[in-house]
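**Q** Sequence and predicted structure, then a few things I'm wondering about:
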Amino acid sequence: MLKTEERLLPQSQDQVKLLYQRYSALLLGYIFEIVPDQKKSEEYLVAILSRFAVDFKEELAKGQVTWVKLLCYSRNLLPQLKDFKQHLDRVEIQSAKNYSSFQLELLTNLEKEIFCEIYYHGKSISDLAKKMQKSEDVIRSNFKLSFDKIRSTHGN
């Protein structure tokens, strides 16, 4: 008779899975803009998420990880990864193009606050609605409007 033993995954694997579920699509999109090779982008994604889970295991366990923290970590780590040096010119171009403050200046104060809270700080629409004492529909429509304004500056 075959005897099996139930084991829990190591905590670091659970943390990588959580990171992957929350932020992999955003991070892969960011990486793919710099490295337009799908396979290479996915390799970089795995490397970043694995290292982030190790370096920030305490914050991750407490649920204190935000998209902004992961993005900043990625920007610092990417140039250190194998074969990434050939993409450094694209990184500088992307940074100048995508993250300039003039885009946020196009938004009203309410739109700017909602956009930053949701997109950069990872707040949910329901949490933000409670915090700002507004309906979820108002938050959702302002977020969509601000996202559309920013997207239109890129010609998308």
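**A** Received, thanks.

**Q** Tell me the pLDDT of residue 28.
**A** pLDDT, residue 28: 90.

**Q** Once you drop chain neighbours, what's closest to it?
**A** Closest residue to residue 28 apart from its sequence neighbours, by CB to CB, 6 or more residues apart in numbering: residue 45 at 5.1 Å. For glycine as for every other residue, the C-beta is placed from the backbone atoms N, C-alpha and C.

**Q** for the residue most central in space within the chain, what are its contacts?
**A** Nearest to the geometric centre of the chain sits residue 67, at 4.0 Å (CA atoms, centre = their mean). Neighbouring residues of residue 67 by CB atoms under 8 Å, 6 or more residues apart in numbering: 23, 26, 119, 120, 121, 122.

**Q** can you give me the strands in the protein?
**A** In chain order, the chain shows no strands, with DSSP state E as the criterion.

**Q** Give me the neighbour count for the nearest residue in space to residue 140 that is not next to it in sequence.
**A** Closest residue to residue 140 apart from its sequence neighbours, by CB to CB, 6+ apart: residue 125 at 5.6 Å. The tally of other residues near residue 125 (other CB atoms under 10 Å) stands at 16.

**Q** Now do the contacts for residue 107.
**A** 115, 146, 149, 150 are the contacts of residue 107 under CB under 8 Å, 6+ apart.

**Q** What values do phi and psi take at the nearest residue to residue 47 once chain neighbours are set aside?
**A** Using CB to CB, 6+ apart and skipping the chain neighbours, the partner closest in space to residue 47 is residue 81 (5.8 Å). With angles defined as degrees, to the nearest 10, residue 81 sits at phi -80, psi 150.

**Q** what does the model give the residue nearest to residue 28 for pLDDT?
**A** As predicted, residue 45 sits at a pLDDT of 90.

**Q** Surely it and residue 23 touch.
**A** No: counting by CB atoms under 8 Å, residue 45 stays clear of residue 23, with 9.6 Å between them.

**Q** related to what we said a few turns ago, can you give me every residue that contacts the residue nearest to residue 140?
**A** With CB under 8 Å, 6+ apart, residue 125 has these contacts: 118, 136, 139, 140, 143.
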